[in-house]
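Q: Give the three-dimensional model of this entry:
(one chain, ligands or ions: 1)
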Amino acid sequence: MASLSLSLGLLVLCTLALVHCGPYDDRVRVWGISATNLKGDFLSQPDPYVKVWCGPAFGGMTSILKNQANPTWPGEFNFLDVIHKSVLKLEVWDDNVGPDHRLGTCTTTIYPGTHIETCHLKKGTVYYTYTYQKEQQQQKDG
Ligand SMILES: [Ca+2]
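A: Here you go, the predicted model:
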């Protein structure tokens, strides 16, 4: 029981601290999200924001940028314990007084390395960068 508790404790510690922890180290970072030529309702500029998923894990959403057809969102999203070949999904939304309007969705299957992605919506283009850091599980003898 003590070793199990210790293992769980270490796992929690590793997850929180983002230190190297062998098989738990596969992670994805998404950042540098921007867009051009987004369209709002009628003649108004959109108030865009982005929601980010990696596989089943919801990473959160960006801030809402008011009246911007060409937004650049600050911040980044991090996913831990990522499953190989997960689908990274970004939904672009227009914030409204009424129901928000989805401007489009970008999906890509992740591969190890850093990738600059371009995603064409019905109206507008989205750009983002992701890094998929895949650690090999290291076997050590004795
Ligand atoms: Ca709006």
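Q: C-alpha from now on. contacts and neighbour counts both.
A: Fine.
Q: which ones are touching the residue in the chain that the ion sits nearest to?
A: Closest approach between the chain and the ion, counting by C-alpha to the ion: residue 96, at 4.1 Å. The neighbourhood of residue 96, defined by C-alpha atoms under 8 Å, 6 or more residues apart in numbering, consists of residue 47.
Q: just checking, it is part of a helix?
A: No. According to DSSP: H, G, I helix; E, B strand; the rest coil, residue 96 belongs to no helix; its state is coil.
Q: what's the pLDDT at it?
A: Note on residue 96: pLDDT of 94.
Q: number of nearby residues for residue 29?
A: 17 (other C-alpha atoms under 10 Å).
Q: let me fix that: residue 122
A: Counted with other C-alpha under 10 Å, residue 122 comes out at 11.
Q: in the sheet, who's paired with residue 116?
A: residue 129 (DSSP bridges).
Q: That one touches residue 110, doesn't it?
A: No. Judged on C-alpha atoms under 8 Å, residue 116 makes no contact with residue 110 at a distance of 11.6 Å.
Q: Output the lowest mean pLDDT helix or strand found in this structure.
A: Every helix and strand of the chain was ranked by mean pLDDT, DSSP states H and E. The lowest is helix 2-17, at a mean of 52.
Q: what's downstream of that helix, the next helix or strand?
A: Counting by DSSP states H and E, the next helix or strand C-terminal to helix 2-17 is strand 27-36.
Q: Please identify the buried residues of that following strand?
A: 27, 28, 29, 30, 31, 33, 34, 35, 36 (16 or more other C-alpha atoms under 10 Å).
Q: Residue 130: which of those residues is nearest?
A: Taking C-alpha to C-alpha as the measure, residue 130 lies nearest residue 30 of these, at 4.3 Å.
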